[in-house]
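>>> sequence and computational prediction follow.
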Amino acid sequence: MQAVRANALPSVTDALRLVESLLIGTGQRTARRNAWTAVLDDRRRAKDRVETEHVLEAVSARTS
(Lines give C-alpha, C1' and ligand atoms only; values in the text may rest on other atoms or scores of the structure.)
Protein backbone atom coordinates (compact mmCIF):
# COMPACT_ATOMS: atom_id res chain seq x y z
CA MET A 1 0.00 0.00 0.00
CA GLN A 2 1.34 3.43 -0.95
CA ALA A 3 1.26 6.41 1.38
CA VAL A 4 -1.07 9.19 0.31
CA ARG A 5 0.58 12.57 0.02
CA ALA A 6 -1.50 15.68 0.29
CA ASN A 7 -0.04 18.53 -1.70
CA ALA A 8 -1.73 21.88 -1.26
CA LEU A 9 -2.65 23.50 -4.54
CA PRO A 10 -1.07 26.90 -5.02
CA SER A 11 -3.38 29.86 -4.78
CA VAL A 12 -4.20 31.84 -7.88
CA THR A 13 -1.95 34.63 -6.63
CA ASP A 14 0.94 32.22 -6.13
CA ALA A 15 0.40 30.78 -9.60
CA LEU A 16 0.34 34.25 -11.18
CA ARG A 17 3.50 35.26 -9.34
CA LEU A 18 5.22 32.12 -10.58
CA VAL A 19 4.18 32.83 -14.17
CA GLU A 20 5.26 36.46 -13.79
CA SER A 21 8.64 35.44 -12.44
CA LEU A 22 9.15 33.10 -15.37
CA LEU A 23 8.07 35.61 -18.01
CA ILE A 24 9.40 38.86 -16.63
CA GLY A 25 12.97 39.39 -15.58
CA THR A 26 13.91 40.91 -12.25
CA GLY A 27 14.82 44.22 -13.90
CA GLN A 28 11.39 44.65 -15.46
CA ARG A 29 9.67 43.72 -12.21
CA THR A 30 11.73 46.32 -10.36
CA ALA A 31 10.97 48.92 -13.04
CA ARG A 32 7.23 48.25 -12.76
CA ARG A 33 7.39 48.52 -8.97
CA ASN A 34 9.31 51.81 -9.25
CA ALA A 35 6.80 53.13 -11.79
CA TRP A 36 3.88 52.30 -9.49
CA THR A 37 5.63 54.02 -6.58
CA ALA A 38 6.07 57.10 -8.78
CA VAL A 39 2.36 57.05 -9.66
CA LEU A 40 1.42 56.90 -5.98
CA ASP A 41 3.82 59.76 -5.19
CA ASP A 42 2.32 61.86 -8.00
CA ARG A 43 -1.19 61.24 -6.67
CA ARG A 44 -0.10 62.26 -3.16
CA ARG A 45 1.50 65.48 -4.47
CA ALA A 46 -1.62 66.29 -6.51
CA LYS A 47 -3.81 65.81 -3.44
CA ASP A 48 -1.47 68.02 -1.40
CA ARG A 49 -1.63 70.72 -4.11
CA VAL A 50 -5.44 70.69 -4.11
CA GLU A 51 -5.55 70.92 -0.30
CA THR A 52 -3.08 73.81 -0.37
CA GLU A 53 -5.16 75.64 -2.96
CA HIS A 54 -8.24 75.29 -0.77
CA VAL A 55 -6.39 76.64 2.25
CA LEU A 56 -4.99 79.58 0.28
CA GLU A 57 -8.43 80.38 -1.16
CA ALA A 58 -9.97 80.28 2.33
CA VAL A 59 -7.28 82.60 3.73
CA SER A 60 -7.65 84.91 0.76
CA ALA A 61 -11.43 85.07 1.22
CA ARG A 62 -11.01 86.02 4.88
CA THR A 63 -8.60 88.87 4.19
CA SER A 64 -10.58 90.31 1.29
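It's in.
>>> secondary structure element holding the residue positioned nearest the centre of the chain?
Centroid check for the chain by CA atoms, centre = their mean gives Trp36 as the closest residue, at 5.3 Å. Assessed by DSSP states H and E, Trp36 sits inside helix 26-63.
>>> re the thing from before, which residues touch the residue nearest to the centre of the chain?
Listed by CB atoms under 8 Å, 6 or more residues apart in numbering, Trp36 has no contact partners. (Each C-beta comes from the backbone N, C-alpha and C, glycine too.)
>>> so how far is Ser11 from it?
Here the criterion is CB to CB, to the nearest Å. By it, Trp36 lies 22 Å from Ser11.
>>> burial of Thr26, as a residue count?
By other CB atoms under 10 Å, the residues close to Thr26 number 8.
>>> ugh, typo on my part, it should be Ile24
Ile24 is flanked by 13 other residues according to other CB under 10 Å.
>>> residue ranges with poor pLDDT in this structure?
1-9, 64 (pLDDT under 70).
>>> repeat the analysis, applying 90 as the threshold.
For the chain, the stretches with pLDDT under 90 are 1-32, 62-64.
>>> on that earlier part again, buried stuff in the helix holding Trp36?
In terms of neighbour count (16 or more other CB atoms under 10 Å), helix 26-63 has no buried residues at all.
>>> quick one: that helix to chain centroid distance?
Its chain's average C-alpha position is 15 Å from that of helix 26-63, according to CA atoms, centre = their mean, to the nearest Å.
>>> check stretch 18-28 too.
Counting by CA atoms, centre = their mean, stretch 18-28 comes out at 17 Å from the chain centroid.
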